[in-house]
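# Just to be clear, the model below is a prediction. Sequence and coordinates:
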Amino acid sequence: MSRIISFRGQLDMGVEESIPLSTIKGLIGYKVKKFQIMSAAPGTAVVEFIAQIYKTSETSNVNTTPDFSDSRLLGVSYYEDNVSAHEGISKTIIFDSEIFNQDIYVNITDAGGGSTRCNYYIELEQMDIALDEATVATLKDIRNND
């Protein structure tokens with residue numbers, strides 16, 4: 001049986017936030033189902049936000065260049081707002097086949113170098129996983145920590 005849980009928050013540019021998910025036995029798994037971002041001040045500044053969700057902390061490497069070959073990456077969202085055009089562009093890519101059972105990390109940067117804060121919203125599908133699935137998910141997370 002699965003259920004949807006959600007997380008939301010607001011981040012400064014270049015900042016990472018941890019979303020605590022790990023349990024003692026690790027028998028609860030998660031998949032990213034929805035990932036959305038929006039400026040904290042929509043329509044008031046030109047922004048080019050890039051938000052990323054990772055399986056491991058990226059505090060030393062929060063950047064504007066998503067690398068889809070990185071197995072730690074769970075999803076990317078791009079949001080562009082142009083004050084003069086009064087229109088926003090948003091694109092999101094989620095690697096929804098990834099099941100994880102540890103904490104995840106979300107970070108946001110502005111490719112245009114701005115400093116406007118950004119909101120994020122994440123929905124996760126929570127499910128029970130068997131001991132062998134939990135072991136595989138945990139080992140994958142440990143291997144990705146190098």
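Here it is on my side, so go on. The model shown is predicted, which means the values in this text are computed figures rather than measured ones. Residues are numbered from 1 along each chain as shown.

# partner residues bridging the spatially most central residue of the chain?
Closest residue to the average C-alpha location of the chain: Ile53 at 2.3 Å, with Cα atoms, centre = their mean. Applying DSSP bridges to Ile53 yields these beta-bridge partners: Gly75, Val106.

# residues touching Ile129, list them.
Leu27, Ile28, Gly29, Ile99, Asn101, Ala137 (Cβ atoms under 8 Å, 6 or more residues apart in numbering). Yep, even glycine has a C-beta here, placed from its N, CA and C like the rest.

# ok, and the most crowded of those?
Using other Cβ atoms under 10 Å as the neighbour criterion, Asn101 leads the contacts of Ile129 with 23 neighbours.

# wait, what's in contact with the residue nearest to the centre of the chain?
Neighbouring residues of Ile53 by Cβ under 8 Å, 6+ apart: Val32, Phe35, Leu73, Leu74, Gly75, Val76, Ile104, Tyr105, Val106, Ile122.
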